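A.B. asks: Sequence plus the predicted model coming up.
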Amino acid sequence: MDLLNAIVALSNFVLVPAIAYGSQLALGALGVTLIYGILRFSNFAHGDTMAFGTMATILFTWWFQSLGISFGPLPTALLALPLGILGCMAIVLLTDRGIYRFYREQKAKPVILVIVSMGVMFIMNGLVRVIIGPDDQNFADGDRFIITAREFREMTGLREGLALKSTQGITVITAVIVVALLFWFLNRTRTGKSMRAYSDNEDLALLSGINPERVVMITWLIVAALATVAGVLYGLDKSFKPFVYFQLLLPIFASAIVGGLGSPVGAIAGGFIIAFSEVTITYAWKKVLTYLLPEAWQPDGLVQLMSTDYKFAVSFVILLIVLLVKPTGLFKGKSV
Amino acid sequence: MSGNAYQDDRGNKDRSITKAGGPGSAEGAMRKGKAVPAPGGPFLIGENMTGGYGKGPNILEACTIAVDKGEIAVIVGPNGAGKSTAMKAVFGMLDLREGSVRLDGEDITALSPQARVVKGMGFVPQTSNIFTSLTVEENLEMGAFIRRDDFSETMEQILDLFPILREKRRQAAGELSGGQRQQVAVGRALMTKPKVLMLDEPTAGVSPIVMDELFDRIIEVARTGIPILMVEQNARQALEIADKGYVLVQGMNAYSGTGKDLLADPEVRKSFLGG
C-alpha cells in the first residue's frame, strides 16, 4: 500500500510534470536542431520565436473568446494555434528575407549568423514585449483537469492523489502527433529527403538540382510551426511571460546538444533527459521517502537537492558534462 | 580570405554553435539569369573562361573546353592547373569574369547550377560526392530530384550498371568502400538522364583494379551516347580512351587535340606523361 502511494506521489509530482515539460522542450529542441542541421548555426532567437508565435496565438485566442467562440472542454488556444503558426511563419520568413538572406548571399561563416541571430533575438524580444507587455498572461480555458487529485483518491482509495491536468494531456498528445508528422515528412517525402540531403552536403544538393533557397524557406516554416506549438503548449501548461521564454533558450539548447545537434531523435531524447533531471533534482523527496522508508530512517528535511530557483543550473551542468565527455551528444549529430 | 569580414570565422571551432564543414563553397546558387539561344558550336563548350573564387585572383585564364555528342573529352594537367576549377566554371559553381558557357545551342552562362541540372547537365565532383547519411537508394532518388516523372526505370538501369549498389541499396552510402562510393556518385548523376556528364577525377583514391573497372563503366556509359567531360589524374589511361584531350597549365590551355595525338606528342609526353 505504501509502495503504491509512493508511486502515485512520484507520478503526480515528478513523472507527469516531467513528461509534459520534456515534450515541450523536445519540440523546442527540434526547431533548434533543424536550423543547426540545415542553416548550420545555433539560432539564439529560438526562444523569442516561440514567444512571438505564442503571443500571436494568444491574441487570436482573445479575439475568439471575445466573439464567443470556444472549443468545448479544450482550450480555445488550440483553435487559434493554426493562425498563430501562420503569424509566426510570417515573421520568421520576413526575418529570413530581410536579414539572414543577406548573409547567405555573402556566404558568411556560420559563426557570423550566430551573432546575427542574437540581434534578431533582442529585436523579437522587444517586439513581443511592446505588443503584449512584459507581464504574465494566462490564456488557458476549458476544463482544467482530466482527473483531479480528489477524484483519483475517491476512485482508488489511496491516500495520495494523482492529478492529471488537461494541458498535460494535450501537450503529450500534440507532441506525439507533431513529432510523428515531422519524421514522416523528413524520411518519406521528396521535400523532406531533399532537406536531409541539403543538411548532409550542401554543394552536392545543389548539383542534384535542389534549390537551396527553397530548402531554407521550408525549414523556417517548419521551425516556426514547431516553435509556436512548443510555446503554446508551454504557455497553456504554465503561463505566458516573454522573459520566461527567453530563459527557456538554455534548457532547449541543452536538450539539443545533449541529444546531439542536428539529430532530430537526439533532440527528443535530450528534451526528456533535461526535463527529468530538472524536475527530479528540484523535487522535495520527503513525501515519497516517507512512504518507502521504515519509520526510523524517515528524513527530517525536505530532501530537496536544489531549490527550484536553480533549475536552470541543472540544464547548464548537464550541458557542460556532455560537452566535456561526449561533445557530439548521445545520438551522433552529423555522420562522417 | 581576401579580407572579406563575413568569411572570417575568427578561429571559431565551437561545434555547439556552428556545424562543422560550414556552408557549401559553390557560388552562383542565387544567380537568376536566363538561358539565351546561341546556335552553332559544339554540344557543350566553356569558351574563353576567366575567373577565380570569390574576389580572389584569376585561376582560369581564357580557358576553353568543349565536348561534342558521342565523345569523351579528358582534361589533364599538373596539380593546381585549374582542372577542377574549369569543371566548376562550366557547371556554374564559380562566377566567370569573362567568357561564356554554351550547351546545346543555348548560352547558359547566367544560369545557376541547379538550373543547369534542369538543362541536362550532370556533374560528379571529386570529393564529398555522395550524401553519406542517406541510403544508397535515397542518394539515387536525390539524383532524380528534378524529375517529376516515374524514375524507377532509370533506377533499375543504374542498378543493372552497378550491380553492387543493388545489394547495398538500403545501406547508408557513408558505410561503403571508396570504389562503391564512386559508383553511387556516378549513379546519382545519371539519375537525371543527363545530356552531358561531367566527372571530376572519378578514379581518385581507388585501387588500380577498381580504377580499371570504373573506366570500363565510364566507357559503357559513353556508349549509351552521353558525351562525357572528365578530369583525370591518370593521364595516360584517360587519354587512351579519350576522343579529345585538353592539357591545362596554370589555368590556360597548353595543348589540345585528340587523345591519340596528345599521347604521341613528344612535348606532352615529356612534361606530363613521364617520357
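C.D. replies: Good, I have the coordinates. Numbering: from 1, shown residues only, chains lettered A, B, ... in the order given.
A.B. asks: out of everything not next to it in sequence, what's closest to the residue of chain A found nearest chain B?
C.D. replies: Nearest residue of chain A to chain B (Cβ to the nearest Cβ) works out as A:Glu202 at 3.2 Å. (Glycine included, C-beta is placed from N, CA and C.) In this structure, A:Glu202 finds its nearest non-sequential neighbour in B:Gly24, 3.2 Å apart by Cβ to Cβ, 6 or more residues apart in numbering or on different chains.
A.B. asks: Was I right to think that neighbour contacts A:Ser199?
C.D. replies: No - shown here, B:Gly24 and A:Ser199 do not form a contact pair, counting by Cβ atoms under 8 Å, at 11.3 Å.
A.B. asks: So if I had to pick from these two, which one is more boxed in?
C.D. replies: More crowded of B:Gly24 and A:Ser199, by other Cβ atoms under 10 Å in any protein chain shown: A:Ser199, with 23 against 20.
A.B. asks: Output the contacting helices and strands for the lengthiest helix in chain A.
C.D. replies: Secondary structure of chain A per DSSP state H: the longest helix is helix A:212-237. Packing partners of helix A:212-237 (3 or more Cβ pairs under 8 Å, 6 or more residues apart in numbering or on different chains; DSSP states H and E): helix A:16-39, helix A:46-67, helix A:76-95, helix A:166-188, helix A:190-200, helix A:202-207, helix A:242-259.
A.B. asks: Whatever residue of the stretch 1-150 of chain B ends up closest to chain A: what secondary structure?
C.D. replies: Proximity to chain A, evaluated over the stretch 1-150 of chain B using Cβ to the nearest Cβ, is greatest for B:Gly24 at 3.2 Å. When classified by DSSP: H, G, I helix; E, B strand; the rest coil, B:Gly24 comes out as coil.
A.B. asks: after the lowest-mean-pLDDT helix or strand in chain A comes which helix or strand?
C.D. replies: Lowest mean confidence among the helices and strands of chain A (mean pLDDT, DSSP states H and E): helix A:286-292, at a mean of 87. Once the chain leaves helix A:286-292, the next helix or strand it forms, by DSSP states H and E, is helix A:311-325.
A.B. asks: which residues sit in contact with the residue nearest to A:Ala313 when sequence neighbours are not counted?
C.D. replies: Distances taken as Cβ to Cβ, 6+ apart put A:Met306 closest to A:Ala313, at 7.0 Å, once the chain neighbours are dropped. Neighbouring residues of A:Met306 by Cβ atoms under 8 Å, 6 or more residues apart in numbering or on different chains: A:Ile281, A:Thr282, A:Ala313, A:Val314.
A.B. asks: now, which of those residues sits nearest B:Val101?
C.D. replies: Comparing the contacts of A:Met306 against B:Val101 with Cβ to Cβ places A:Val314 closest, at 57.8 Å.
A.B. asks: possible to save the helices and strands packed on helix A:212-237 as JSON lines with mean pLDDT?
C.D. replies: Shown next, in JSON lines, are the helices and strands packed on helix A:212-237 (pLDDT from 0 to 100):
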{"stretch": "helix A:16-39", "mean pLDDT": "95"}
{"stretch": "helix A:46-67", "mean pLDDT": "96"}
{"stretch": "helix A:76-95", "mean pLDDT": "96"}
{"stretch": "helix A:166-188", "mean pLDDT": "95"}
{"stretch": "helix A:190-200", "mean pLDDT": "94"}
{"stretch": "helix A:202-207", "mean pLDDT": "89"}
{"stretch": "helix A:242-259", "mean pLDDT": "94"}
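A.B. asks: Format the ones you listed as TSV; extra columns: distance to B:Thr135.
C.D. replies: Listed next are those as TSV, based on distance: least, Cβ to Cβ, whole Å:
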stretch	distance to B:Thr135
helix A:16-39	18
helix A:46-67	30
helix A:76-95	31
helix A:166-188	10
helix A:190-200	10
helix A:202-207	15
helix A:242-259	22
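A.B. asks: between these, which gets nearest to B:Asp104?
C.D. replies: Nearest of the helices and strands packed on helix A:212-237 (Cβ to Cβ): helix A:202-207, 18.9 Å.
A.B. asks: and the closest one, what other elements does it pack with?
C.D. replies: Counting contacts by 3+ Cβ pairs under 8 Å, 6+ apart, helix A:202-207 packs against helix A:190-200, helix A:212-237, helix B:113-118.
A.B. asks: Pick the most deeply packed of the ones you listed.
C.D. replies: helix A:212-237 (a mean of 24; mean count of other Cβ atoms under 10 Å in any protein chain shown).
A.B. asks: ok, now which ones touch A:Glu278?
C.D. replies: Shown in contact with A:Glu278 (Cβ under 8 Å, 6+ apart): A:Ala18, A:Tyr21, A:Pro251, A:Lys311, A:Val314, A:Ser315.
A.B. asks: And the helix or strand containing it, how far out from the chain middle?
C.D. replies: Element membership for A:Glu278 (DSSP H and E) is helix A:264-282. Here helix A:264-282 is found 10 Å from its chain centre; the criterion is Cα atoms, centre = their mean, to the nearest Å.
A.B. asks: Counting neighbours, which bits of that helix end up buried?
C.D. replies: Buried residues in helix A:264-282, counted by 16 or more other Cβ atoms under 10 Å in any protein chain shown: A:264, A:266-282.
A.B. asks: swap in stretch B:226-242?
C.D. replies: In stretch B:226-242, counting by 16+ other Cβ under 10 Å, buried: B:226-235, B:237-239, B:241-242.
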